[in-house]
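A.B. asks: coords below, sequence missing:
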């Protein structure tokens, strides 16, 4: 499978800059998914890699040094260039525009990535990984609590209908009691008192 023609054209925009800093073409990886063909291209210099994913336009840009990887957006934001960066900002019909935006943003990465020791990259890659792990943890936690949240909602509906026995029994079935609010606890106490009176 050949790389997408518009990707090949777009890379011409970046090649001169990459070559100047001794980044050489490493490989294309092509594949096909439900959204159509996609390509991943890698440029390499010693222990550094510049990786670009492309489908209909540039999907992602990653910078790697040793085992540390950071996304374009996170890298530039972390270096304090959130307002100056041009990629990503919007999807354009001009397929080459995104490549010009990446090229523009390269100037902010010269000292650390292209000509430097990647000290900021490694620091920011660690931060990005920690944030990702935190999002995954929260997502798992939300999933863990999902059934109990449904039970709480059923219990509250039962309380509104004055079905205090059903409300109390539904609350009793909750596994993760730390998600109960003060109002839930008062409702449980009210139902318990009402049932036993």
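C.D. replies: Nice, thanks for sending it over. Please read these numbers as outputs of a predicted model, since none were measured by experiment. Numbering: from 1, shown residues only.

A.B. asks: who does the helix-or-strand element of the chain with minimal mean pLDDT pair up with?
C.D. replies: Within the chain, no helix or strand scores below strand 24-33, which has a mean of 86 by mean pLDDT, DSSP states H and E. Strand 24-33 sits in its sheet next to strand 36-45 (antiparallel), going by DSSP bridges.

A.B. asks: List the neighbours of the helix or strand following the partner strand that are in contact with it.
C.D. replies: Sequence-wise, the next helix or strand downstream of strand 36-45 (DSSP states H and E) is strand 48-54. Identification of contacts with strand 48-54 by CB atoms under 8 Å, 6 or more residues apart in numbering yields 4, 6-7, 10-11, 18, 23, 26, 38-44, 58-65, 102, 113, 118. C-beta coordinates here come from the backbone N, C-alpha and C atoms, glycine included.

A.B. asks: Repeat the analysis, applying 6 Å as the threshold.
C.D. replies: 7, 23, 39-43, 59-62, 64-65 (CB atoms under 6 Å, 6 or more residues apart in numbering).

A.B. asks: Please pick the buried ones from these.
C.D. replies: 7, 23, 39, 40, 41, 42, 43, 61, 62, 64, 65 (16 or more other CB atoms under 10 Å).
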